[in-house]
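In: How does the following fold in three dimensions:
(chains A and B)
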Protein chains: 2
Amino acid sequence: MSDVDVNKIEGLVRVENVPKEDMQELCMEMTHSVYPHKKVYGDYCPIQAHVNCPPELAFRYLAKTEALLEWTYSLRDMIYVPEKELFEFTDAIGGTTKCYAKTVAHSGPMTVDYHCAWDQPDHLWMIYLMRVVPAELVFNKSGCVITWINCRHPFYDENPSPELAPEGRKVWVGDGWPFFYAGHTVELENLKRILEYRNAHNEWEV
Amino acid sequence: MSDVDVNKIEGLVRVENVPKEDMQELCMEMTHSVYPHKKVYGDYCPIQAHVNCPPELAFRYLAKTEALLEWTYSLRDMIYVPEKELFEFTDAIGGTTKCYAKTVAHSGPMTVDYHCAWDQPDHLWMIYLMRVVPAELVFNKSGCVITWINCRHPFYDENPSPELAPEGRKVWVGDGWPFFYAGHTVELENLKRILEYRNAHNEWEV
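Out: Numbering: from 1, shown residues only, chains lettered A, B, ... in the order given. Alright, predicted model coming up:
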């Protein structure tokens, strides 16, 4: 890294060029009593919850695509599509709309990403980035934290393939973006309740 | 999963028991024009940025602990502590305060976690959870997205070992929690500038 002189890079805020008092002032200016919805949930939708369930069990549950049948509001009727190596659901939000999903999970850092799309399985652009973090590490208590982030892909704003929609469908998944904070919070609360119930009743058979 | 009847779990919001119109109403009720600082950044501090730099290069940069010398506001003078397998820095925010850091990176999902603490290397409770995501996947454009989440560990509110502080130190790292959104945003902007500079100048030698 020694080859780059960071002092040549414009606009960096480091203790060497911005004294502590100025940094405090800058931080105070950036901190507000309230933030507009668009500022917080405009391009990204990050939510989190503490769940009273061991992290490994929460991860194993999330990593199985069929868990979506339980904790999501409207993904149902899962069918495996072997030639595409992914799953097809019906998303009741869109009537008879098909939703395709592929789950990519990494057990080390306990990330679980659901790569999804409405109407077609070939470009999975709706990506639910989730992660399970041991609460012991970050909150000094038992259980886990689940983090969940979506990014506002441009297809949320405009369906690239309206011709693939079932006849007569008036909604598009991206119409809901302004309500993703609310909708995902409802679903994360579902997930929390299911994991805590399963953990309390030791119901993990899959 | 078939052994649990989800209908037995109280409080779930699913299309079978909450019709679409009621779900819409619920989401509208939960969505506000503004949100208080404490509601958004009270227990978690999630921030994100798009960076015009290939994801693999951003990940490799972040995964090297010495990168903290560049993009953080005040971590400097890195020394490797072999017997602890971690690094010691001086955190200028705390005067001569020592900050200990261990980096845990996973190249598959491109997570980079900095496990840190002030004053002692034995319980690394300040955890910076970062992740590099290909922007191609989530934004249909080049570059990457960097996500960063901190959780409000109880030690932020109360230093568990004040006797370890350098003599005369009046600040505690957790005093800054209400300004983490601002401070981390400044540092993420540093990181973005450094990565974009390195990428533009093809300066990746480490």
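In: Alpha carbons of stretch A:44-51, in PDB - could you do that?
Out: Extracted C-alpha coordinates of stretch A:44-51, given in PDB (Å, rounded to 0.1, in the frame of the first residue of the first chain):
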ATOM      1  CA  TYR A  44     -31.000   0.900   0.200                       C
ATOM      2  CA  CYS A  45     -33.300  -0.800   2.700                       C
ATOM      3  CA  PRO A  46     -31.300  -1.900   5.700                       C
ATOM      4  CA  ILE A  47     -33.100  -3.500   8.600                       C
ATOM      5  CA  GLN A  48     -32.000  -5.600  11.600                       C
ATOM      6  CA  ALA A  49     -33.400  -7.500  14.500                       C
ATOM      7  CA  HIS A  50     -32.200  -9.400  17.600                       C
ATOM      8  CA  VAL A  51     -33.500 -13.000  17.700                       C
END
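In: Can you mark which positions in the top helix by length along chain A are buried?
Out: If you go by DSSP state H, chain A has its longest helix at helix A:180-201. Neighbour-count burial for helix A:180-201 flags A:180-199 (criterion: 16 or more other Cβ atoms under 10 Å in any protein chain shown). (C-beta placed from N, C-alpha, C; glycine too.)
In: which residues touch stretch A:18-26?
Out: Residues outside stretch A:18-26 that contact it (Cβ atoms under 8 Å, 6 or more residues apart in numbering or on different chains) are A:13, A:15, B:73, B:92-93, B:179, B:182-183, B:186.
In: Can I get it in PDB, CA atoms only?
Out: Output of stretch A:18-26 as PDB, limited to C-alpha atoms (Å, rounded to 0.1, in the frame of the first residue of the first chain):
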ATOM      1  CA  VAL A  18      -9.000  17.900  10.000                       C
ATOM      2  CA  PRO A  19      -8.400  18.500  13.700                       C
ATOM      3  CA  LYS A  20     -10.600  16.700  16.200                       C
ATOM      4  CA  GLU A  21     -12.600  19.900  16.900                       C
ATOM      5  CA  ASP A  22     -13.400  20.300  13.200                       C
ATOM      6  CA  MET A  23     -14.400  16.700  12.900                       C
ATOM      7  CA  GLN A  24     -16.700  17.000  15.900                       C
ATOM      8  CA  GLU A  25     -18.300  20.100  14.300                       C
ATOM      9  CA  LEU A  26     -18.700  18.200  11.000                       C
END
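In: how far does that stretch sit from the chain's center?
Out: 34 Å (Cα atoms, centre = their mean, to the nearest Å).
In: Kindly report the same for stretch A:108-125.
Out: 10 Å.
In: Need the distance between the two termini of that stretch.
Out: 24 Å (Cα to Cα, to the nearest Å).
In: in it, what's buried?
Out: Using 16+ other Cβ under 10 Å as the test for burial, stretch A:108-125 gives A:109-119, A:121, A:124-125.
In: Just flag the most distant two among these.
Out: Using Cβ to Cβ, the pair of the buried residues of stretch A:108-125 lying farthest apart is A:P109 and A:D119, separated by 31.5 Å.
In: when you check chain B, which of the buried residues of helix A:180-201 turn up near it?
Out: Contacts with chain B are made by A:181-183, A:185-187, A:189-190, A:193-194, A:197-198 out of these, judged by Cβ under 8 Å from any Cβ of the partner chain.
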